[in-house]
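> need coordinates for the following:
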Amino acid sequence: VDRQSRTSASPSLLVPSSFSMPLSIPSSSLLRNAREREAFGELRRYRLGRARSQNLQAYAIAQDRTLFELVHSWPNRTEDLYMVWGMGISRVQQHGQSIIEILRRVKAKHDNIAMKLENEGGGNTTSTAVRNATSSRIAMRPAK
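So this is what the prediction gives:
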């Protein structure tokens with residue numbers, strides 16, 4: 001096999017060509033809300049702990065880009081992790097269950113906070129208003 005044929009099947013096929021990630025990532029601009037910020041922080045703590053226990057650099061466990069994509073895509077199952085940049089078979093097997101548990105824990109915490117705020121506010125929170133507006137728009141859509 002010549003060099004040209006080996007390089008023609010590039011890994012960029014897995015990532016849309018329109019996707020580009022800056023080398024220096026300003027975290028505040030990519031993390032859109034408190035839930036994402038907390039999940040990113042928890043994933044970084046997990047990564048650092050695993051790296052130290054294995055005497056590795058943190059990026060050997062997962063790069064920042066992978067952590068950003070995890071909090072943006074919010075996978076629910078271990079199988080969903082394969083769709084995240086930087087998560088291959090080995091990383092999913094070694095860290096997949098822990099990552100999913102971290103994301104579920106953060107989501108549950110923020111869902112509980114939102115529910116508590118909704119109950120304290122008499123149901124007149126922004127999330128309720130958005131949900132009601134969305135429901136009415138769906139009901140008003142013409143049948144296709």
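> switch to C-alpha atoms for all contacts and neighbour counts from now on
OK.
> where are the low-confidence patches of the protein?
1-29, 122-144 (pLDDT under 70).
> redo that, cut-off 50
1-24, 26, 125, 129-142, 144 (pLDDT under 50).
> now do stretch 89-106: everything it contacts.
35, 38-39, 42-43, 61, 71, 74-78, 81-82 (CA atoms under 8 Å, 6 or more residues apart in numbering).
> pull out the buried positions in the helix or strand hosting residue 106.
For residue 106, the host element (DSSP states H and E) is helix 89-120. Across helix 89-120, burial judged by 16 or more other CA atoms under 10 Å covers 92, 95, 96, 99, 100, 102, 103, 104, 106, 107, 118.
> what would these look like in a markdown table with distance to residue 54?
Shown next, in a markdown table, are the buried residues of helix 89-120 (distance: CA to CA, whole Å):
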| residue | distance to residue 54 |
| --- | --- |
| 92 | 17 |
| 95 | 13 |
| 96 | 17 |
| 99 | 17 |
| 100 | 21 |
| 102 | 20 |
| 103 | 23 |
| 104 | 25 |
| 106 | 25 |
| 107 | 28 |
| 118 | 43 |
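> could you identify the most distant pair in those?
Farthest apart among the buried residues of helix 89-120 by CA to CA are 92 and 118. That separation is 36.0 Å.
> now the helices for this structure?
If DSSP state H is used as the criterion, the helices of the chain fall at 3-8, 27-30, 34-53, 58-61, 64-73, 89-120, 126-140.
> okay, residue 60 and residue 105: tell me how far apart.
According to CA to CA, to the nearest Å, residue 60 and residue 105 sit 24 Å apart.
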